[in-house]
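Trainee: Quick check, what structure comes out for this input:
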Amino acid sequence: MENDISTILSQFPFEGKLIEIQPINEGLINTTLVADFGEKKYVIQKINTNVFKNPDNLMDNIVSVTEYLKKSIEAEGGNADRQTLRFLKTVDGKPFYIDEDGECWRSYVYLDNSYTISSGCSLDEIYEAARAFGKFQYLLGDFPGNELFETIPNFHHTPTRYDNLMKAVEENKAGRLDEVQEEINFFKDRKHNTSVVTSLLKSGELPVRVTHNDTKINNVLFDGDTKKAICVIDLDTIMPGSSLYDFGDGIRTSATFGEEDDEENIGLNVEAFEAYVKGFLDGTDGKLFPKEIELLPFSVILLTQEVAMRFLTDYLDGDVYFKTSFDKHNLVRTRAQIKLIKDVESKMPQLIEITKAACRRS
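Mentor: Prediction:
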């Protein structure tokens, strides 16, 4: 392994003398290492080509977006070295290195004195994370999102997710159909939700934007001194889409009670929703269209419904996509997300008023 790493390290123009290499085990997709060269540290990642089957287009997306972010940040007088990831080209001038086994490796500069948060977030931290994702939208507001490659086709195309569920119902591969009729009827009753955003994108009433598509709070770096959010990370799922995808999933993963499989305790935390919507609107700073703002509360239902349909689809197919920890885990996840949807639906008038009030203050 040491020889392999030495070969990989030799392909990038790192500054200084190598002191040590440490693995980072937080990510679930890519293999990640941190190499300490004294004055600078660098992140080295092996791209998971089982998930991202076209690394050329994947890195084209990332390089295009990060270079655009750098110019936008500098134009505003910000610190681009601190506020966006800086990827290194190989010694051959390429965005990644392919080793003798066909594995793809890339590197970017490690941001010192920074940290991530995974759980137990305060309202201030939720606000900061939302502001970071909103700022991401703001800085890329004029970037032609439809020019980006879809690293995971139809990832947030909710009508396709619904069709996949109906196909799983028809095929009933795992023989589980009889026990999920109530859940299937729930989604059939809400089929109309699935095409709201995709139809508006198609008609041009909603703009196609650069979307992050994985807006968990642990994909934001916080400054170790100021405790403020400074940089959005994990850019593999950058694709063309709607800002509503990022907002809705940000709420689903950061502004709720309980884990996504905690049917007993799950629910929308209204105070956290308020903190998130304030942060997101402050970050976007007037870049969002009125229709986008109007649909922010609805997007929470849409994105929760999407992932719930994916859990149920996987359950009917025999648990072939999502990792499970126990029998019927995907069904438990489905039911928890359905409970969350119902809770959001019941609070919708309140969420709409919170969003309007946040608009007036921003």
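Trainee: tell me the contacts of the residue nearest to the spatial centre of the chain?
Mentor: Nearest to the geometric centre of the chain sits residue 214, at 0.7 Å (C-alpha atoms, centre = their mean). By C-beta atoms under 8 Å, 6 or more residues apart in numbering, the residues touching residue 214 are 234, 236-237, 249. Any C-beta I mention is one placed from the backbone N, CA and C, and that applies to glycine too.
Trainee: Filter those residues down to the buried ones and express that as a ChimeraX selection.
Mentor: Buried subset of the contacts of residue 214, written as a ChimeraX selection, criterion 16 or more other C-beta atoms under 10 Å:
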select :234,236,237,249
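Trainee: from the contacts of residue 214, which two are the most distant?
Mentor: For those, the farthest-apart pair by C-beta to C-beta is 236 and 249; their separation is 15.1 Å.
Trainee: Quick check: buried residues in stretch 201-216?
Mentor: 201, 206-216.
Trainee: re the thing from before, which helix or strand contains the residue nearest to the centre of the chain?
Mentor: Under the criterion of DSSP states H and E, residue 214 resides outside all helices and strands.
Trainee: What lies in contact with the worst-scoring helix or strand of the chain on mean pLDDT?
Mentor: Between all helices and strands in the chain, the lowest mean by mean pLDDT, DSSP states H and E belongs to helix 2-9, at a mean of 77. With contact meaning C-beta under 8 Å, 6+ apart, helix 2-9 is reached by 18, 21, 33, 35, 44, 97, 99, 105.
Trainee: Near residue 122, how many other residues are there?
Mentor: 12 (other C-beta atoms under 10 Å).
Trainee: From residue 75, how far off is it?
Mentor: 32 Å (C-beta to C-beta, to the nearest Å).
Trainee: same deal with residue 51?
Mentor: Distance from residue 51 to residue 75, by C-beta to C-beta: 34 Å.
Trainee: Settle it for me: which of the two has more neighbours?
Mentor: Neighbour count, other C-beta under 10 Å: between residue 51 and residue 75, residue 51 has more, with 14 against 10.
Trainee: From residue 237, how far out is that one?
Mentor: 10 Å.
Trainee: what do these two both touch?
Mentor: residue 152.
Trainee: what's the nearest residue to residue 308 once chain neighbours are set aside in contact with, if anything?
Mentor: In space, and not counting its chain neighbours, residue 308 is closest to residue 337: 3.6 Å by C-beta to C-beta, 6 or more residues apart in numbering. Residues near residue 337 by C-beta under 8 Å, 6+ apart: 260, 266, 304-305, 307-308, 311.
Trainee: List the buried residues in the host helix or strand of residue 337.
Mentor: Per DSSP H and E, residue 337 falls inside helix 329-346. Neighbour-count burial for helix 329-346 flags 329-341, 343-344 (criterion: 16+ other C-beta under 10 Å).
Trainee: now swap in stretch 213-229 and tell me
Mentor: Per 16+ other C-beta under 10 Å, stretch 213-229 contains these buried residues: 213-223, 229.
Trainee: now swap in stretch 18-36 and tell me
Mentor: 30, 33, 35-36.
Trainee: Equivalent analysis for stretch 108-121, please.
Mentor: Here stretch 108-121 shows 108-111, 114, 117, 121 as buried, counting by 16+ other C-beta under 10 Å.
Trainee: who's in contact with it?
Mentor: So stretch 108-121 is contacted by 26, 34, 40-43, 81-82, 85-88, 125, 129, 217-225, 230-231, 233, 254, 272 (C-beta under 8 Å, 6+ apart).
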